[in-house]
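Asks: Coordinates only, no sequence provided:
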């Protein structure tokens, strides 16, 4: 059974690129346009094995979303990869402190993302 990955990004084109990359690697992908929509999706899904999230999004940014994911007993151990244009050390530290397991800066290469995901999704 394929592992489920939740992609959270306000850019539809970026979600498509990430979705295609992860689907080709054998993952099942669910998409959300911001942190608030992602939290709603998480409530309806049985199990998400990993989350890929942007930082800068409307309604609920990625760091706030990450904190809420880690505060929920159902998802607190779900690994989160931040995929963002943010490359400032301060923002990266905020992400690490909130529980991010990896930080990938856009533009990115799909093989780099798939490699990071495969290292964090348990078999």
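Replies: Looks like it came in fine. Everything quoted here is computed from the prediction, not taken from an experiment.

Asks: Check the burial of the nearest residue to residue 20 once chain neighbours are set aside by counting its neighbours.
Replies: Of all residues not flanking residue 20 in the chain, residue 110 sits nearest, at 7.9 Å (C-beta to C-beta, 6 or more residues apart in numbering). C-beta coordinates here come from the backbone N, C-alpha and C atoms, glycine included. Using other C-beta atoms under 10 Å, residue 110 has 14 neighbouring residues.

Asks: separation between residue 110 and residue 47?
Replies: Note on residue 110: its distance to residue 47, by C-beta to C-beta, to the nearest Å, is 24 Å.

Asks: on that earlier part again, pretty sure the residue nearest to residue 20 sits against residue 16.
Replies: No - between residue 110 and residue 16 there is no contact under C-beta atoms under 8 Å: 11.6 Å.

Asks: Taking the centroid of this protein, which residue is nearest it?
Replies: residue 52 (1.5 Å; C-alpha atoms, centre = their mean).

Asks: List the contacts of it.
Replies: 5-9, 18, 22, 80-81, 83, 113, 117 (C-beta atoms under 8 Å, 6 or more residues apart in numbering).

Asks: and which of those is nearest residue 98?
Replies: Using C-beta to C-beta, residue 80 is the member of those that lies nearest residue 98, at 8.4 Å.

Asks: how about the nearest residue to the closest one, chain neighbours excluded?
Replies: Once flanking residues are discounted, residue 80 sits nearest to residue 51: 4.6 Å by C-beta to C-beta, 6+ apart.

Asks: Starting from the one helix or strand the one you found maps to, tell me the next helix or strand along the chain.
Replies: Residue 51 is located in strand 50-53, with elements delineated by DSSP states H and E. Counting by DSSP H and E, the element after strand 50-53 in chain order, helix or strand, is helix 62-71.
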